[in-house]
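# based on what follows, work out the 3D shape:
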Amino acid sequence: MKLNVWLAQINFQYGEASLFLPYSVGCLEAYARAQGEINEAFEFKGYVYRREPITDVIARIEQSGGVDVLGISCYIWNWEYSRALAGAVRARFPGVLIVIGGPQVPRRTDNLSGGDSGGVAAESTGVVKHLDDSGIRTIAGGDRTEDGGVEAYSPFRDFECADIAVFGEGERAFAEILRAYAIQRGAEYHGIFPGGNLFSTYGAITGLAIRSDVPGSGGAYVTGEPGRISDLAQLPSPYLTGCFDALLADTTTDWQASIESNRGCPYSCSFCAWGPESLAKIHQFTEERIIKELQWFGEHKIRYVYSCDANYGILKRDIDLTRVLVETKRLFGFPKEFRACTAKNSNDRVFEISKILSEARMCKGATLSFQSMDPHTLQVIKRKNIKIDDFRERLQLYRKHDIATYTELILGLPGETRKSFEAGIDTILDAGEHEGMNIYLCQVLPQTDFVDPTYQEEHGIVTVRSPILMQHSAPTTDRHQEYNDIVIGTSTMPDNEWLSTYMFAWAVQTFHCLGPTRFLAMFCRHELGLSYGQFYGELLRYAASNQGAMGREYLMSRQVCLRGMLGGDWGQVDQRFGNIVWPTEEISFLRLMSESFDTFVEIGVFLKVLFRKYSYNVLPAVHNDLIDYQVAMMIRPDDSDVRMLETATNCHSYFTALLNGEPIEFVTHEESLLIKPRRSYESMKEYARVVTWFGRKGGRFTQSDVIHYAKE
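Numbering: from 1, shown residues only. Here you go, the predicted structure:
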């Protein structure tokens, strides 16, 4: 009788029925099954991949004949559920071997194989390591205590029911664990493993933490630094080896897939899990494997494919692979969409890839990210950005070819101030990136500098543990809330300034990037000389002192932020827009657009107040033109028929020229516009999903099909 293996990689559901195939644990199964003796000894019974009641999982495992080995892939979005699952499996099957791995597995040692034999080395992370007589390191340290000491720490302090934790890539290590486990189980497997070399421990396998109850061991043995797999050709594909065939029988699920073309990242950003120096070298999967996987996606009608590469486009071959992807869609109609994190400093190769994908209607937009615009902050986080002049040229190149772009900033990075953050947004908007800016909260991720107590102390980092914001996922009904640590203050941006900066970021994203005041802000920038920071600072002050739609959204968003800073939820759900978790700026935008008439009346009043404050004398016709143009160009829930707009000024020519980086004078010159909406929307739910969710990184919030007539 074979030994039973179950694998778990828990994901959130997105929208009504979208789920990712459990790629990480599929890789473990594919590699283990390729080892003949392991395949003979074990049967892989199934996957746990959705947030279902754990009692249902236990029932399925019982029906399958029980479990001998449970492997769990862990990250921030499934850590608590995985812990609960492991506890329930342990309670029902006490003899099960539970193995955990993935980026979330706590690992706070800088060099697991370093140090003098028998000595004690105090690391900057607060970890103290011992080398016992067996040559295996034991963890006997951890976080700093209030008195400056070191708190006992091991990976099993946070995951009590695990027996083994795997660090780094898991395919080889998990297979060796299975091999050792089978031999440990006794003589019935003696013939399957020639030589019968019975293992009493797993200590010969590098890159593990093994639970230990030995007094003074700190709870775990660590078996050395995990080696990377340099020859990725030895790793079979879970797609091509049939690992997911049974899952695909469920045709009610919109299956999405992950793909790797390489592993590693040459950059060392301190906030990123790719940052450690040990991951700097890029190892490549074979083109043959990648092409076959793309064909598999097409044949199995996989709608959405996500690239796991840290820098897609960093290799020359990525252009050719992109062409294969597009050809796959032409042949099979699938995949429909492809999402990748492109190389950090966008170049001609990234542009060519974006162009190919855009022409095939397979991408939302190209990434031109910064994370911060402040030189000091960039030095602190060990990141180097594209030069702003190059960025401006890139934007115009992408715009010329009608390719949407978006950039990303992180709020709460060490070294950043309220003033530098606002100045950074000014710089990006002045460069022409109006449609696509996403501002994320800084998370403390495992395996990064941010988990180092010394690093936190040096930069005055203050964090809060709060429910994770899984935006656009379906809200869960299970009891296992997932959490993450959010930076809400640093020595250069105390928590009160962080709150103020959060609200500024909310205003810029809600009103500018999503569209409702974008053209008005551009006008004030070029005609009044107001910076974008000044404009949105004034908007915030106006909203805070008024009780209209803008005022309500200001108060609600501020309350959500305060709630989050105290450990509450950062997201919101409004059933008018679907059973979906929304970030504050998107749900504010949706509520404002659901009452768009009142919203734009209030925006018109705000614009008049602003003109008066800055002594800008404007004719009523000009003010009306600006508001009418702003309203007409928005993609709105009530879009249906073609609409006409008559203006007394050259609004459309003026704003088109600004967006193209070729400003012209704003003058009285009658224009007529014929605007044809892209589509109509049957409900606010459809509008929310298509425009706000799917359109966010594509910058598709304003009308593009406009026929312009300038009167003589």
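# next up, the contacts around residue 490.
By Cβ atoms under 8 Å, 6 or more residues apart in numbering, the contact list for residue 490 reads 412, 413, 414, 415, 416, 459, 460, 461, 462, 498. (Each C-beta comes from the backbone N, C-alpha and C, glycine too.)
# do that again at 10 Å, thanks
Residues in contact with residue 490 (Cβ atoms under 10 Å, 6 or more residues apart in numbering) are 377, 380, 412-417, 442, 456, 459-462, 497-498.
# now swap in residue 577 and tell me
586-587, 590-591, 594, 683-689, 692-693.
# could you single out the nearest of the residues you listed to residue 49?
Of all those, residue 49 sits closest to residue 693, with 22.4 Å by Cβ to Cβ.
# wait, that closest one sits on residue 514?
No: contact criterion Cβ atoms under 10 Å: residue 693 and residue 514 do not qualify, at 11.8 Å.
# look at those two and report which has more neighbours.
residue 514 (27 against 20; other Cβ atoms under 10 Å).
# can you classify residue 597 as helix, strand or coil?
helix (DSSP: H, G, I helix; E, B strand; the rest coil).
# contacting residues for residue 286?
With Cβ under 10 Å, 6+ apart, residue 286 has these contacts: 231, 232, 233, 235, 261, 292.
# any chance of the contacts of residue 577 in a markdown table, plus distance to residue 46, pLDDT and secondary structure?
Output for the contacts of residue 577, formatted as a markdown table (distance: Cβ to Cβ, whole Å; pLDDT from 0 to 100; DSSP: H, G, I helix; E, B strand; the rest coil):
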| residue | distance to residue 46 | pLDDT | secondary structure |
| --- | --- | --- | --- |
| 586 | 36 | 97 | helix |
| 587 | 37 | 98 | helix |
| 590 | 39 | 98 | helix |
| 591 | 42 | 97 | helix |
| 594 | 43 | 96 | helix |
| 683 | 38 | 95 | coil |
| 684 | 39 | 96 | helix |
| 685 | 34 | 95 | helix |
| 686 | 36 | 95 | helix |
| 687 | 39 | 95 | helix |
| 688 | 35 | 95 | helix |
| 689 | 31 | 93 | helix |
| 692 | 36 | 94 | helix |
| 693 | 31 | 92 | helix |
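# of those residues, buried ones?
Neighbour-count burial (16 or more other Cβ atoms under 10 Å) is assigned, among those, to 586, 587, 590, 591, 594, 684, 687, 688, 689, 692, 693.
# would you reformat the residues you listed as TSV and include distance to residue 283?
Listed next are the buried ones among the contacts of residue 577 as TSV, based on distance: Cβ to Cβ, whole Å:
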residue	distance to residue 283
586	37
587	41
590	43
591	47
594	49
684	47
687	44
688	41
689	38
692	38
693	34
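# how about the helices of the stretch 51-200 of the chain, start to end?
54-63, 79-92, 155-158, 171-184 (DSSP state H, counting those that start in this stretch).
# lowest-confidence stretch among those?
For those, the weakest mean pLDDT is recorded on helix 155-158, namely a mean of 80.
# just give me how far it sits from the chain centre.
25 Å (Cα atoms, centre = their mean, to the nearest Å).
# for this structure, give me the ranges with low pLDDT.
107-153, 186-201, 213-218, 275-278, 345-346, 699, 712 (pLDDT under 70).
# quick check: bridge partners of residue 222?
In this entry, residue 222 is beta-bridged to residue 137, residue 209, by DSSP bridges.
# that one contacts residue 156, correct?
No: counting by Cβ under 10 Å, residue 222 stays clear of residue 156, with 11.6 Å between them.
# hey, what's in contact with both of the two?
In contact with both residue 222 and residue 156: 139, 165, 209, 210, 212, using Cβ under 10 Å, 6+ apart.
# what is the burial count for residue 371?
Around residue 371 there are 23 residues (other Cβ under 10 Å).
# again, but for residue 617
With other Cβ under 10 Å as criterion, residue 617 counts 7.
# what about the residue lying closest to residue 26 once chain neighbours are set aside, distance to residue 103?
Once flanking residues are discounted, residue 26 sits nearest to residue 238: 3.0 Å by Cβ to Cβ, 6 or more residues apart in numbering. The gap separating residue 238 from residue 103 is 18 Å, by Cβ to Cβ, to the nearest Å.
# who has more neighbours out of the two?
Neighbours were counted for residue 238 and for residue 103 using other Cβ under 10 Å; residue 238 has more, 24 against 17.
# wasn't that one part of a strand?
No: counting by three-state DSSP, residue 238 is not found in a strand; it is coil.
# confirm for me that it is in contact with residue 9.
No: judged on Cβ under 10 Å, residue 238 makes no contact with residue 9 at a distance of 11.0 Å.
# intersection of neighbour lists for the two?
21, 22, 23, 24, 25, 26, 28.
# count of neighbours near the nearest residue to residue 244 once chain neighbours are set aside?
Excluding its sequence neighbours, the residue lying closest to residue 244 (Cβ to Cβ, 6+ apart) is residue 21, at 5.2 Å. Residues contacting residue 21 under the criterion other Cβ under 10 Å number 24.
# from here on, call the first residue 6.
Will do, 6 is the new start, and the previous item becomes residue 26.
# for residue 26, give its distance to residue 243.
8 Å.
# any shared contact partners between the two?
Joint contacts of residue 26 and residue 243 (Cβ under 10 Å, 6+ apart) are 249, 262, 263.
# can you list the domains in this structure?
8-233, 369-713 (automatic domain parsing).
# could these go into TSV alongside distance to residue 254?
Conversion of these to TSV gives the following (distance: least, Cβ to Cβ, whole Å):
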stretch	distance to residue 254
domain 8-233	12
domain 369-713	22
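# which one of these lies closest to residue 301?
Nearest to residue 301, of the domains of the chain and by Cβ to Cβ, is domain 8-233 at 10.9 Å.
# isn't residue 626 right next to residue 654, touching?
Yes: here residue 626 reaches residue 654: they are 7.6 Å apart, a contact under Cβ under 10 Å.
# shared neighbours of those two, which are they?
Joint contacts of residue 626 and residue 654 (Cβ under 10 Å, 6+ apart) are residue 673.
# so who does residue 605 touch?
521, 522, 554, 597, 598, 632, 633, 635, 636, 639, 641 are the contacts of residue 605 under Cβ under 10 Å, 6+ apart.
# now the strand or helix carrying it, how far from the chain's geometric center?
For residue 605, the host element (DSSP states H and E) is helix 601-618. Offset of helix 601-618 from its chain centre (Cα atoms, centre = their mean): 35 Å.
# and after it, which helix or strand comes next?
Heading C-terminal from helix 601-618 (DSSP H and E), you reach helix 625-638.
# quick one: end-to-end distance for stretch 50-65.
Start to finish, the residues bounding stretch 50-65 are 10 Å apart (Cα to Cα, to the nearest Å).
# oh sorry, the question was meant for stretch 90-107
OK, stretch 90-107 end separation, Cα to Cα: 16 Å.
# got it, and stretch 448-455?
Stretch 448-455: ends 9 Å apart by Cα to Cα.
# could you pull out the helices for the stretch 406-555 of the chain?
Under DSSP H, counting those that start in this stretch, the stretch 406-555 of the chain gives helices at 423-435, 458-464, 500-512, 523-528, 537-549, 554-570.
# next, the contact list for residue 546, please.
Going by Cβ under 10 Å, 6+ apart, the list of residues near residue 546 reads 559, 611, 614.
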